[in-house]
Structure formats: C-alpha cells, structure tokens
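Asker: I'd like to go over a predicted model; first the sequence, then the structure.
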Amino acid sequence: MNTMKKYWLVLSPDTFIWLKGENGLLYQSVNHTQVPFKNVGTIKSLAGQLDDIDNLYRVELTEEMLQQPEVNGWVRQIVDKQCGRLLENNGTGNRPASMKPVLKLQDGVKYYEWLHRQGIDGCVIQNLHEVVFYLNGSASGDDVLHRQLVYPSTTDAVADREKVIRFVKESKVSPFLSKLSLAGNLLVFPHLEEMAEELQAICPVKLYITVEDALNGLPQLKEWADKLSVQILVNDFPSLEMLLDANGWCAGLQFTLVVTSVQTYEAATGIINKYGLEHVELVPAYTGENLPFFEDCIYPDAGELAGVSLSKKDIFIRQTLNVTDFGKLYIEPDGKVYANLDNAPLGMIDDSPHDLVYKELTEGHSWLHIRDQEPCRECVYQWLCPSPSNYERVIGRPDLCKMAMGNEA
C-alpha cells in the first residue's frame with residue numbers, strides 16, 4: 001500500500017512574508033530576491049500558517065497539495081529563490097524550525113518616557129545627528145524648494161550668531177552629531193567665515209548658497225572653498241554656466257542641481273558632461289505644476305521595487321523610523337526649531353537640544369513617521385518603499401507610487 005508523502009516547507013530566517021488581502025510577497029533579505037503571489041485558495045491557507053509566528057516559519061504539505069499547479073509553482077519559486085527549503089517529512093526525527101524575522105525594539109518611545117520619569121534620560125541626545133541652520137533668507141531663495149531640500153527661503157529674518165554657537169556647543173553632547181549645515185545668503189551674513197571656522201572645530205560644517213548669490217560674491221567664495229565645504233544650490237542653469245566659466249573657478253565646489261522636468265534633467269546632465277562635474281547631485285523638486293513629471297519619472301512601480309536591495313536591518317529600520325528625517329533638526333533665522341519644516345515647530349533655539357530631541361521622539365511627527373498609514377499599510381511593498389518624504393507632504397499625498405494610483409495590476 002502506497003502512502004502519500006508529506007513535506008515541510010520552511011522559510012529562511014532572512015525571508016520576510018507580507019500578506020495584504022489577495023496579495024502576498026516573499027522577500028529574501030540576503031540575495032534580495034522576491035516572490036510575489038496571489039494570496040488566494042490553498043496558497044492563502046499555507047501562507048497564513050507560515051505568517052503565524054507560533055508555527056516556527058514552517059507548514060506541512062502533502063504530495064496531493066504539491067500536485068496542484070499553483071501550489072507547485074509557488075513552492076518551486078520559494079526554493080529556487082532561496083526563500084525557503086522543502087524537506088521530506090518521514091515522520092521521524094525532529095521537526096525543522098526557523099525564526100520569522102520580527103522587529104524587537106529595546107529603546108522605543110516608551111523606554112525613553114520611562115527614563116525621563118526616572119530623571120536618567122541623558123542618552124536621548126544621542127539621537128541627534130545633524131543640525132541645519134538657516135542664517136538668513138535670500139533674494140534668490142525659494143519658499144517651495146525650502147520645504148523640500150536644504151534651500152534658502154525669502155525671509156528677511158537673520159539668525160542670532162551667539163545663539164547658533166551656543167546651540168551647537170550644547171548639541172555636541174551627542175557623540176553622533178556629525179554634520180552642521182549653514183544655509184542662506186551667507187555672503188552677507190556678518191563674520192560668517194569666523195563663525196564657520198569656530199563651529200568647524202566642534203563638528204564638520206558645510207555651507208549651502210544659491211548659485212546666484214555665489215556669483216555675486218565670487219572672490220569671497222573662492223576663499224571659503226579653500227577652508228570649508230561649500231554646496232552650490234542650482235535652480236538657474238544659465239547662472240551655473242556663468243559660475244563655471246568664471247576665471248579662477250574653484251574645482252572644490254559641490255553642486256545640487258534642482259530638476260523639475262525632463263527638460264531640466266537633460267539640461268543638468270548636459271552641463272555635467274560639458275564641464276566634467278564630479279561632485280554633483282540631481283534632486284527632483286515639486287513646483288506645484290509638475291505633478292505629471294513626478295508621476296512619470298519619480299513614482300516607483302512594482303518593477304522598480306523588484307530591484308531593491310535591502311538587508312534585514314534596512315527593513316527593520318524602515319519599520320521603526322524615517323530614514324530621511326531621523327536625527328535632523330532645522331533651525332530658521334527667527335529661531336524656531338523643526339524636525340521637518342513641513343510640520344509644526346518643536347520649540348525655539350533658546351531651548352536645550354536635549355529637550356527638543358526628547359519632544360520629537362515622544363510627541364513629534366517627523367523622525368518616527370513611517371509607512372504605517374493608508375494606503376501604504378495595505379500594500380505588500382510597504383517596507384520596501386523609501387520612508388515618507390517631503391515630496392509627499394508638499395504634494396499632499398501620503399504615498400508616491402504607481403500602485404496606489406491604480407496603474408498596477
């Protein structure tokens with residue numbers, strides 16, 4: 001009498017399983033392979049058992065199940081892409097087991113709140129990694145770009161030099177503070193070079209100025225570039241070419257080229273190739289009128305997300321904090337402090353960095369802003385997508401993907 005064979009399907013501890021309605025996805029975080037599938041029928045039952053942590057990432061299969069084409073194909077993909085193993089269950093020996101990758105927080109918000117109540121929360125400041133100071137505004141600033149990237153606004157306010165220095169000294173209590181950014185029309189800010197050099201002794205400093213302001217103070221800019229890191233912000237490509245053509249131009253400058261359309265992208269890449277620029281980044285920006293550009297060129301689709309290469313740690317980080325915002329504070333010339341300029345201010349520059357960091361971690365909406373809201377939480381690609389960005393805030397949508405737009409099957 002022949003007895004039907006039985007098998008164990010065991011997922012790798014490096015494999016994530018995500019089930020959202022009729023959609024399912026397996027992601028192997030070592031070789032970065034994916035197995036998308038329809039979460040229906042027999043496969044839905046099997047996937048649900050695998051997703052149950054009490055089942056130790058395994059499910060029993062019968063030979064009859066494996067004869068079903070959809071189940072057989074699903075299992076073959078899992079094995080071929082090294083997301084799991086198929087082992088014969090001979091009824092003897094120990095059952096195979098695996099550990100489902102589950103995030104375990106050791107120092108979450110509740111932990112910080114508990115430390116605060118005990119009066120021993122000094123380590124909270126270690127979450128501060130970067131501070132951006134806007135020292136003043138600029139005639140060539142842009143209030144829309146200001147909300148999306150490090151770019152001056154058009155404000156008339158001017159920062160208090162002594163308060164900036166004091167804030168930096170108090171922030172340096174954090175051993176992970178690794179960057180200070182000074183932005184605005186810095187060429188007219190009093191004693192900027194002396195202040196920057198004083199801050200540089202505390203923490204690495206980078207200056208951010210628009211290309212138009214750079215052209216107006218080229219001799220001074222050249223002197224700065226010999227001592228400090230300078231990033232030129234470019235939203236006017238003719239001005240950039242004028243700067244690059246200027247006699248004695250300093251090759252040590254770095255550039256941010258703002259791209260708002262296919263045409264500006266082509267213009268930017270043309271300048272990069274013409275002048276052989278090396279220290280340059282292209283940054284897309286929303287103008288209020290170029291949504292089709294974002295939909296066509298910026299929004300990811302399932303095909304692009306199929307090519308992501310995230311480790312298990314990367315995914316856990318995205319499930320915990322906002323990769324873009326975390327650890328950053330932005331201070332406006334009027335002294336208001338933000339964790340993100342599109343959200344309400346946390347406080348003022350007169351407040352202690354420790355108190356501001358604690359407030360953001362326990363009450364804020366930037367550093368811990370993750371994809372746990374609609375429609376992202378109903379998508380199997382929820383944790384493969386980048387963290388929520390400023391683009392979503394200025395566009396007014398909680399997601400920037402074609403799947404949510406209904407362009408994917």
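Answerer: Looks like it arrived, so ask away.

Asker: Roughly how far does L356 sit from N127?
Answerer: Distance check for L356 against N127: by C-beta to C-beta, to the nearest Å, it reads 11 Å. For the C-beta atoms, the positions are set from N, CA and C on the backbone; glycine is no exception.

Asker: So those two - more neighbours on which side?
Answerer: Taking neighbours as other C-beta atoms under 10 Å, L356 and N127 compare with L356 leading, 25 against 18.

Asker: hang on, that one in a helix?
Answerer: Yes - using DSSP: H, G, I helix; E, B strand; the rest coil, the secondary structure at L356 is a helix.

Asker: wait, isn't it in contact with V337?
Answerer: Yes - counting by C-beta atoms under 8 Å, L356 does reach V337; the two are 5.6 Å apart.

Asker: burial count for I53?
Answerer: 10.

Asker: Flag the shaky bits of this structure, pLDDT-wise.
Answerer: Where the chain drops to pLDDT under 70, the residues are 1-3, 92-93, 105-122, 247-251, 402-409.

Asker: How is it partitioned into domains?
Answerer: Following automatic domain parsing, the chain resolves into domains at 6-89, 109-395.

Asker: For the stretch 1-150 of the chain, which segments are assigned as strands?
Answerer: 6-11, 15-20, 23-28, 34-38, 58-62, 84-89, 130-134 (DSSP state E, counting those that start in this stretch).

Asker: Restrict the fifth one to CA atoms and write it as PDB.
Answerer: Taking only C-alpha atoms (Å, rounded to 0.1, in the frame of the first residue of the first chain), the coordinates of strand 58-62 have been written out as PDB:
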ATOM      1  CA  ARG A  58       7.000  26.100   8.600                       C
ATOM      2  CA  VAL A  59       4.000  24.500   7.100                       C
ATOM      3  CA  GLU A  60       3.300  20.900   6.300                       C
ATOM      4  CA  LEU A  61       2.500  20.000   2.700                       C
ATOM      5  CA  THR A  62       1.100  16.800   1.300                       C
END
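
Asker: tell me which residues in that strand are buried?
Answerer: By neighbour count with 16 or more other C-beta atoms under 10 Å, strand 58-62 contains the buried residues 58-59, 61.

Asker: max-length helix in the chain?
Answerer: Secondary structure of the chain read by DSSP state H shows that its longest helix is helix 262-275.

Asker: Okay, buried residues for that helix please.
Answerer: 264-265, 267-268, 271, 275.

Asker: doesn't D236 make contact with A267?
Answerer: No - the pair A267 / D236 is not scored as a contact, 10.7 Å apart, by C-beta under 8 Å.

Asker: what residues are up against I53?
Answerer: Neighbour list for I53: 100, 102 [criterion: C-beta atoms under 8 Å, 6 or more residues apart in numbering].

Asker: Now the nearest residue to R393 once chain neighbours are set aside: phi and psi?
Answerer: Leaving out its chain neighbours, the residue that sits closest to R393 by C-beta to C-beta, 6 or more residues apart in numbering is D342, at 4.0 Å. Dihedral angles of D342 (phi, psi; degrees, to the nearest 10) stand at phi -90, psi 0.

Asker: what's the distance between D342 and D143?
Answerer: Per C-beta to C-beta, D342 is found 12 Å from D143.

Asker: With neighbour numbers in mind, choose between these two.
Answerer: D342 (16 against 12).

Asker: Please put the alpha-carbon coordinates of the helix or strand where L361 lies into PDB.
Answerer: Here L361 sits within helix 353-363, counting by DSSP states H and E. Listed next in PDB are the C-alpha coordinates belonging to helix 353-363 (Å, rounded to 0.1, in the frame of the first residue of the first chain):
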ATOM      1  CA  PRO A 353      18.800  70.400  22.300                       C
ATOM      2  CA  HIS A 354      18.100  67.600  24.700                       C
ATOM      3  CA  ASP A 355      14.600  68.800  25.400                       C
ATOM      4  CA  LEU A 356      13.900  69.300  21.700                       C
ATOM      5  CA  VAL A 357      15.100  65.800  20.800                       C
ATOM      6  CA  TYR A 358      13.100  64.200  23.600                       C
ATOM      7  CA  LYS A 359      10.000  66.100  22.500                       C
ATOM      8  CA  GLU A 360      10.400  64.900  18.900                       C
ATOM      9  CA  LEU A 361      10.900  61.300  19.900                       C
ATOM     10  CA  THR A 362       7.800  61.300  22.200                       C
ATOM     11  CA  GLU A 363       5.400  63.800  20.600                       C
END
